[in-house]
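In: Here you go, sequence then predicted model.
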Amino acid sequence: MFVIGNLVEAIAKILDVVLQLLMIVVLINALLSWVRPDPNNPIVMFLERVSDIVCAPIRRLFPTVFSGIDFAPFIAMLLIWFVQSWLVASLHGLALRIG
């Protein structure tokens, strides 16, 4: 059973890293929105695309712009943090119980 426990632990670690990187991308994109860099820059285009994957559904569900400030990245970061705190921690706990 330790093999399955190790597999679950590896999945938890990979998911944690991916979610952390996603949170960093959303944060950088939110900070860049204050400066408005060149939209044709490939790095800016990548950050926009990745951030929109997370923020677009939030914008469709809720009105997120108040006083000219878009709160969708903040809500997205809270949701990512929740998934990290709940799902990744649960997977770590499951891996410990299995293996």
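Out: Thanks, I have it.
In: just the helices in the protein please.
Out: 2-35, 42-61, 72-83, 89-98 (DSSP state H).
In: Next, the angle helix 2-35 makes with the third one.
Out: By that I understand helix 72-83. Put simply, helix 72-83 runs at 160 degrees to helix 2-35, going by axes from the mean of the first three to the mean of the last three CA atoms, to 10 degrees.
In: Use 51 as the first number for this chain going forward.
Out: Sure, I'll start counting at 51 from here, so that last one is helix 122-133.
In: residues of helix 122-133 that come out buried?
Out: 122, 123, 124, 125, 126, 127, 130 (16 or more other CB atoms under 10 Å). The C-beta positions use only the backbone N, C-alpha and C, and glycine is treated the same way.
In: which strand residues sit across from residue 119 in the sheet?
Out: Residue 119 has these beta-bridge partners by DSSP bridges: residue 116.
In: what about this structure, any weak spots by pLDDT?
Out: Applying pLDDT under 70 to the chain flags no residue at all.
In: winner for burial among the helices of the chain?
Out: The highest mean neighbour count among the helices of the chain, using mean count of other CB atoms under 10 Å, belongs to helix 122-133: a mean of 17.
In: contact partners of that one?
Out: Contact with helix 122-133 is made by 69, 72-73, 76-77, 79-80, 101, 104-105, 108-109, 112, 114, as judged by CB atoms under 8 Å, 6 or more residues apart in numbering.
In: so how far is it off the chain centroid?
Out: Offset of helix 122-133 from its chain centre (CA atoms, centre = their mean, to the nearest Å): 7 Å.
In: Now do that helix and helix 92-111, the angle between them.
Out: Going by the same axes, to 10 degrees, helix 122-133 makes 80 degrees with helix 92-111.
In: For helix 122-133, C-alpha coordinates in PDB please.
Out: Taking C-alpha atoms only, helix 122-133 is exported to PDB below (Å, rounded to 0.1, in the frame of the first residue of the first chain):
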ATOM      1  CA  ALA A 122     -11.700  38.900  -9.900                       C
ATOM      2  CA  PRO A 123      -8.000  38.200  -9.400                       C
ATOM      3  CA  PHE A 124      -8.400  38.700  -5.700                       C
ATOM      4  CA  ILE A 125     -11.300  36.200  -5.600                       C
ATOM      5  CA  ALA A 126      -9.400  33.800  -7.800                       C
ATOM      6  CA  MET A 127      -6.400  33.900  -5.400                       C
ATOM      7  CA  LEU A 128      -8.700  33.200  -2.500                       C
ATOM      8  CA  LEU A 129     -10.200  30.200  -4.300                       C
ATOM      9  CA  ILE A 130      -6.700  28.900  -5.200                       C
ATOM     10  CA  TRP A 131      -5.700  29.400  -1.600                       C
ATOM     11  CA  PHE A 132      -8.800  27.500  -0.500                       C
ATOM     12  CA  VAL A 133      -8.100  24.600  -2.800                       C
END
